[in-house]
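A.B. asks: Sequence and predicted structure, then a few things I'm wondering about:
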Amino acid sequence: MRRIAITTMAMLMATCLSVGAKAQNLKFGHINSQELLQAMPERDSAEAKLTRFTKTLELQLEELQVEFNKKYQDYLQKRDTYTAAIKEMKEKELTEMQQRAQEFQQVAGQDLQRMQQEVMKPVIDKADAAIKKVGQDNGFIYVFDTSNGSILYQSDKSIDVMPLVKKELGIK
């Protein structure tokens with residue numbers, strides 16, 4: 001009976017020691033995700049799409065502005081010849097044009113944000129998948145993102161996984 005108790009106690013101690021030793025070898029990593037996204041070639045094509053879309057919106061806004069300026073200049077030149085009713089109608093037309101331009105700017109800003117999310121999502125998803133794969137393949141418990149600046153302390157035992165993730169993505 002005593003032998004069973006001693007054997008059980010020895011096994012329990014060995015288990016505790018091995019768990020304690022494993023707890024000492026936890027691996028933590030960190031990466032600057034913004035730096036990773038900047039290094040990804042897919043980001044360039046996403047940025048190019050965004051630039052084209054932005055230029056299209058800017059051209060449309062410029063056309064609205066040019067049309068408004070022409071009508072405003074025409075109004076200024078002829079306002080003394082207009083009757084009160086026509087003058088009021090022209091002023092109302094100019095005000096409505098200005099409001100349309102402002103509305104267009106707001107909608108264009110929202111469209112631009114939506115487009116940015118749309119074109120960057122595949123790039124971000126690919127980066128996230130690579131980070132997760134590197135984390136799993138290399139036994140990391142956590143991989144922290146240092147790009148947002150919320151990490152208050154980082155030990156030199158934390159491993160920078162950027163080289164591993166770049167390798168996973170085929171980036172040099």
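C.D. replies: Alright, I've got the coordinates. Residues are numbered from 1 along each chain as shown.
A.B. asks: Phi, psi for the closest residue to residue 135 other than its chain neighbours please.
C.D. replies: Of all residues beyond its chain neighbours, the one nearest residue 135 is residue 143 (4.8 Å), with distances taken as C-beta to C-beta, 6 or more residues apart in numbering. Quick note: C-beta positions are derived from backbone N, CA and C, even for glycine. Main-chain torsions, residue 143, degrees, to the nearest 10: phi -120, psi 120.
A.B. asks: quick one: residue 143 and residue 30 touch, right?
C.D. replies: Yes. If you go by C-beta atoms under 8 Å, residue 143 and residue 30 touch, sitting 6.7 Å apart.
A.B. asks: To what extent is the residue nearest to residue 135 buried, counted in neighbours?
C.D. replies: 22 (other C-beta atoms under 10 Å).
A.B. asks: what is in contact with residue 143 and residue 30 at once?
C.D. replies: Common neighbours of residue 143 and residue 30, counting by C-beta atoms under 8 Å, 6 or more residues apart in numbering, are residue 161.
A.B. asks: Give me the residues contacting the helix or strand containing residue 163.
C.D. replies: Element membership for residue 163 (DSSP states H and E) is helix 162-169. Contact with helix 162-169 is made by 31-32, 35-36, 39-40, 126-127, 130-131, 133-134, 138, 172, as judged by C-beta under 8 Å, 6+ apart.
A.B. asks: buried residues in it?
C.D. replies: Under the neighbour-count criterion of 16 or more other C-beta atoms under 10 Å, helix 162-169 has 162, 164, 165, 166, 168, 169 buried.
A.B. asks: Restrict that helix to CA atoms and write it as CSV.
C.D. replies: Provided in CSV are the C-alpha atoms of helix 162-169 (Å, rounded to 0.1, in the frame of the first residue of the first chain):
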residue,chain,number,x,y,z
MET,A,162,8.0,39.4,-39.3
PRO,A,163,10.7,37.4,-41.1
LEU,A,164,8.7,34.2,-40.7
VAL,A,165,5.5,35.7,-42.0
LYS,A,166,7.3,37.4,-44.9
LYS,A,167,8.8,34.0,-45.8
GLU,A,168,5.3,32.4,-45.6
LEU,A,169,4.0,35.1,-48.0
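A.B. asks: Could you check the angle the helix ranked longest in the chain makes with helix 162-169?
C.D. replies: Looking across the chain with DSSP state H, the single longest helix is helix 84-137. Counting by axes from the mean of the first three to the mean of the last three C-alpha atoms, to 10 degrees, helix 84-137 lies at 100 degrees to helix 162-169.
A.B. asks: Helix 84-137 - contacts with which helices or strands?
C.D. replies: strand 27-31, helix 33-39, helix 41-78, strand 140-145, helix 162-169 (3 or more C-beta pairs under 8 Å, 6 or more residues apart in numbering; DSSP states H and E).
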